[in-house]
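S.K.: Requesting a structural model of the entry that follows:
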Amino acid sequence: MKGLFKLFLRQNRIIRFFDFLISILLLVALSPVFTIFLVLVWFECRSPIFLQVRLGKNLKPFTLIKFRTMSKLAPSVSSHLSDPNLISNIGRFIRTTKIDELPQLINVVKGDMSLVGPRPGLLTQHELINARTKYDVYTVKPGITGLSQIKGIDMSTPELLARSDAEMISKMSVVYYFKILALTALGKGKGDAASRKSSAP
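M.R.: Prediction:
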């Protein structure tokens, strides 16, 4: 039992090392992309960065960093409940391409998140919180991508999402971590639910 615990700690340290290294490298390599989209979003809504409190490991709140994709007047709700008509023109593009997630690399560097883990939910998503608590999902850091994103499961189905997150946690290893990253890089999974909704007439 003690040997398994030591293996778990070692694995977590290795994953944290790669989280930090890969995120730093991506932040440096993609800095021109960041600059371009900061300017584009600023011209459209004058507020390119979106900050929102989410739930992290052990239900500890943290501030998530994203590119703004919706009007500043949009309510702070989960993406699948968002009004697609409030998504900006550039916002729809960066959601579809997942560019809006790039600033979360800063969250990973800070240690709030991992590159791979359950997507962090809002403090008001009580059904999701209850389901994830039941499956011990909050024992790990939330992530930018994960098994649920690969499968196209979003927060509109809390129980299914929590079970998928728990499956990922049970399989997690350094090899599995890179498998999820590779599948994400290959474009597996779907875009944000709100961006897929057709606009109302």
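S.K.: Show me the helices in the chain, by range?
M.R.: Applying DSSP state H to the chain gives helices spanning 2-29, 31-45, 89-96, 104-110, 126-134, 147-151, 158-171, 174-185, 193-196.
S.K.: Not counting its neighbours along the chain, what's nearest the residue most central in space within the chain?
M.R.: In the chain, the centroid-proximal residue (C-alpha atoms, centre = their mean) is Ile144; its distance is 3.3 Å. Computed as C-beta to C-beta, 6 or more residues apart in numbering, the closest residue to Ile144 that is not its neighbour in sequence is Gln104, at 5.1 Å. Any C-beta I mention is one placed from the backbone N, CA and C, and that applies to glycine too.
S.K.: what's the pLDDT at that neighbour?
M.R.: pLDDT for Gln104: 97.
S.K.: ok, now Gly117?
M.R.: Note for Gly117: predicted pLDDT of 97.
S.K.: surely it meets Gly146?
M.R.: Yes: contact criterion C-beta atoms under 8 Å: Gly117 and Gly146 qualify, at 5.6 Å.
S.K.: Which residues are in contact with each of those two?
M.R.: For the pair Gly117 and Gly146, residues contacting each of them under the criterion C-beta atoms under 8 Å, 6 or more residues apart in numbering are Met168.
S.K.: Out of the helices of the chain, which one sits most buried?
M.R.: helix 147-151 (a mean of 21; mean count of other C-beta atoms under 10 Å).
S.K.: and that one, what other elements does it pack with?
M.R.: Secondary-structure packing of helix 147-151 (3 or more C-beta pairs under 8 Å, 6 or more residues apart in numbering; DSSP states H and E): helix 158-171, helix 174-185.
S.K.: contact partners of the first one?
M.R.: In this structure, residues lying in contact with helix 158-171 by C-beta under 8 Å, 6+ apart are 116-118, 125, 127-128, 130-132, 134-137, 139-140, 146-148, 151, 153-155, 176, 180.
S.K.: Next one: Gly146 from Met70, what distance?
M.R.: Distance from Gly146 to Met70, counting by C-beta to C-beta, to the nearest Å: 23 Å.
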